[in-house]
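> Provided below for reference: sequence and predicted model.
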Amino acid sequence: KQEVTQIPAALSVPEGENLVLNCSFTDSAIYNLQWFRQDPGKGLTSLLLIQSSQREQTSGRLNASLDKSSGRSTLYIAASQPGDSATYLCAVSSGAGSYQLTFGKGTKLSVIP
Amino acid sequence: NAGVTQTPKFRILKIGQSMTLQCTQDMNHNYMYWYRQDPGMGLKLIYYSVGAGITDKGEVPNGYNVSRSTTEDFPLRLELAAPSQTSVYFCASSYLRDNEQFFGPGTRLTVL
């Protein structure tokens, strides 16, 4: 059974700092990995989707990498801003016959002005 | 495009009552999903659909039912509400199975 772990559970950084969020998964037979952002009381917003054949994806100040063989992904946020404060969720789409996204519990990020 | 919309935003039910959570998407997506999110836990898949008329169980289907009569709509039915169904429910959709999933704003349900 696929399990997704996100460390740390919470992170507080000063504005302007670069930061890395970590995601690990137990079964490397994945189709893709998706990073989401969730604001309090809101739905999930998709940030980046990395297919299993890709190593990384970039969108603006965000860069996500994928190392399937080691079961790891990182989300790099450059020059953090207070507006980046949210919970970041990692989810993997697992192998043949499964339509399920398996989610981690998230990392709650606070960017201090 | 409105994307994925869900109604209601909030609901309080008594034990044993029933209700339907509505979900609609206007992106012509084939795949639709229902998840629940409990405090401190990751989202869990309840049911999914790969197209109109086709639905299947996810990880936590007990106590729920779904239907998919049109491409746009994917309602989730709770027949006999139980306190264990207190949660936030999210509907999502994607064009194909391995495409990006788009989420609705959620329905916060409390069963007392």
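Thanks, I have it.
> from here on, just use CA atoms for contacts and neighbour counts.
Fine.
> can you map out the strands along chain A?
A:4-7, A:10-14, A:19-25, A:30-38, A:44-51, A:56-59, A:62-67, A:72-77, A:86-94, A:101-103, A:107-112 (DSSP state E).
> walk me through which strands the first one pairs with, and which way each runs.
Its sheet considered, strand A:4-7 pairs with strand A:19-25 (antiparallel) by DSSP bridges.
> now the angle from the strand it pairs with to strand A:10-14?
Counting by axes from the mean of the first three to the mean of the last three Cα atoms, to 10 degrees, strand A:19-25 lies at 160 degrees to strand A:10-14.
> how far off centre is strand A:19-25?
Taking Cα atoms, centre = their mean, to the nearest Å, one finds strand A:19-25 lying 6 Å from the centre of the chain it belongs to.
> now the angle from that strand to strand A:62-67?
30 degrees.
> and the contacts of strand A:19-25?
A:2-8, A:71-78, A:80, A:90, A:92, A:104, A:107 (Cα atoms under 8 Å, 6 or more residues apart in numbering or on different chains).
> could I get the strands of chain A as TSV with mean neighbour count, mean pLDDT and distance to B:Phe90?
Formatted as TSV, these follow (neighbours: other Cα atoms under 10 Å in any protein chain shown; pLDDT from 0 to 100; distance: least, Cα to Cα, whole Å):
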stretch	mean neighbour count	mean pLDDT	distance to B:Phe90
strand A:4-7	20	96	19
strand A:10-14	15	96	23
strand A:19-25	21	97	22
strand A:30-38	22	94	12
strand A:44-51	20	94	9
strand A:56-59	15	96	25
strand A:62-67	19	97	24
strand A:72-77	21	97	24
strand A:86-94	25	93	14
strand A:101-103	24	91	13
strand A:107-112	19	97	19
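> kindly reformat these as a markdown table containing distance to B:Ile46.
Converted to a markdown table, these look like this (distance: least, Cα to Cα, whole Å):
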| stretch | distance to B:Ile46 |
| --- | --- |
| strand A:4-7 | 18 |
| strand A:10-14 | 27 |
| strand A:19-25 | 21 |
| strand A:30-38 | 19 |
| strand A:44-51 | 17 |
| strand A:56-59 | 29 |
| strand A:62-67 | 27 |
| strand A:72-77 | 26 |
| strand A:86-94 | 15 |
| strand A:101-103 | 11 |
| strand A:107-112 | 23 |
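> of those strands, which is nearest B:His29?
Checking the strands of chain A against B:His29 by Cα to Cα gives strand A:44-51 as the closest, at 15.7 Å.
> got the angle between the closest one and strand A:86-94?
40 degrees.
> strand A:44-51 close to chain B?
Yes - with Cα under 8 Å from any Cα of the partner chain as the criterion, chain B is reached by strand A:44-51 at A:Leu44, A:Thr45, A:Ser46, A:Leu49.
> work out for me the element the residue nearest in space to the middle of chain B sits within.
Residue closest to the average C-alpha location in chain B (Cα atoms, centre = their mean): B:Trp34, at 3.1 Å. For B:Trp34, the element it lies in under DSSP states H and E is strand B:31-37.
> may I have the strands that pair with that strand, each with its orientation?
Here, using DSSP bridges, strand B:31-37 pairs with strand B:44-51 (antiparallel), strand B:87-94 (antiparallel).
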